[in-house]
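Could you work out the structure for the sequence below:
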Amino acid sequence: MNETLIISIALIITTITALVFIRKYFMQKSEMISFRKQLNKIRTTDREQPLMVASFGAPSIELAKEINALTADLKKLAMEATENEKKMKIVMAGVSHDFRTPLTSADGYLQMIDNTLTDSEVSEELREYLDIVKEKVSYLKKMSDEFFEVSYLEAVDKAILGAVRFDTVLSNVMLSAYNSISEKNLLMKPEIPEEKLLVLADEHYLTRILENLFSNAEKYAVSYISVNVSTEKDNIRLKVENDVSVNTNFEETHIFDPFYRGTGRSGPGTGLGLYICKELADFMNYSINGHLDKGVFSIELIMPAAEALA
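All right, here's what the predicted structure looks like:
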């Protein structure tokens, strides 16, 4: 009888002990799951609330304290890095501005010299040297302008957008590009609705995108450039297409990378044109993509109609 009682008591104690350990195990597991979910929210959202504990066990509390301290340190480092990056972008914008100013002056003086000197006053060799210097300075000026555009854009927090006449901006850019396109004997194929088209945009940035799209098409086109504008319920879609030579090749995933240039292009370039288009499009919440298919390269720009967001 005594043995039976002792065995029963032992079983009860063992069962209670096992239940305690099982309870602690599930509490610890629940705590870890809670920690993981809270850490995921801290990592993926702007949550400011520190890590909370469901139980008041010393290990959980100490672990939560250490994680909260580490999270605070990481947030502080992230804020400092963001601030330093912003300062660096402002510095780069200032440097690029200071860099382009003397180049603009040099380009202007070279134009004056070229217009002042007559063919009888300079030798053919000197004229050739002058043309080379003008070409190189003009190229550097264009490169500095594009670098300034990129660095300035990255230094600005957000764009101020308003209703802009897309049809007017597009017409002005096409007229500006007409002479250079004609000189290369390229056929322009416009398909543009004869109606007032309003988009939400910064007019300067929109103009810059269109200028770069036409400049890029002009560099690669063999015989034509087509421009198609279509209206949708909430968007206005622009598609610029041009044929390319048989040896032209792009990697579509890199079309908008800085300094990326496809094979088979004609004329010099910085490789920043389409990168600037992508940066400006993202800045104004536009969608832009490029494709090369069966000898035709196309860029499609989708812009929100101003009426849809009024």
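
Quick one: residues contacting E203.
Each residue near E203 by Cβ atoms under 8 Å, 6 or more residues apart in numbering is listed here: V164, V169. All C-beta atoms are positioned from the backbone trio N, CA, C, and that covers glycine.

does F297 count as helix, strand or coil?
strand (DSSP: H, G, I helix; E, B strand; the rest coil).

Spell out the secondary structure type for A163.
strand.

Around it, how many other residues sit close by?
For A163, the count of nearby residues is 15 (other Cβ atoms under 10 Å).

hang on, it packs against L200?
Yes. With contact taken as Cβ atoms under 8 Å, A163 and L200 are classed as touching, separated by 6.6 Å.

overlap in contacts of these two?
Counting by Cβ under 8 Å, 6+ apart, the residues touching both A163 and L200 are A306.

care to break this structure down by domain?
Residue ranges for the domains of the chain, per automatic domain parsing: 2-81, 92-155, 162-309.

what about D73, distance to T82?
Computed as Cβ to Cβ, to the nearest Å, the D73 to T82 distance reads 15 Å.

all strands for the stretch 101-250 of the chain, in order.
Listed in chain order, the strands found in the stretch 101-250 of the chain under DSSP state E, counting those that start in this stretch are 162-165, 187-191, 198-201, 224-231, 235-243.

among those strands, which is the most enclosed?
strand 198-201 (a mean of 23; mean count of other Cβ atoms under 10 Å).

low pLDDT regions in the stretch 1-150 of the chain?
Along the stretch 1-150 of the chain, segments meeting pLDDT under 70 span 1, 25-28, 31, 47-49, 51-60, 84-100, 119-121, 148, 150.

per-residue confidence for the nearest residue to V227 once chain neighbours are set aside?
Distance criterion Cβ to Cβ, 6 or more residues apart in numbering; nearest residue to V227, sequence neighbours excluded, is P190 at 4.7 Å. Looking at P190, its pLDDT stands at 88.

I am assuming P190 contacts V173, so please confirm or correct that.
No. Using Cβ under 8 Å, P190 makes no contact with V173, being 11.7 Å away.

Of all residues in the protein, which one is nearest the centre?
With distances taken as Cα atoms, centre = their mean, E279 lies nearest the centre of the chain, 3.6 Å away.
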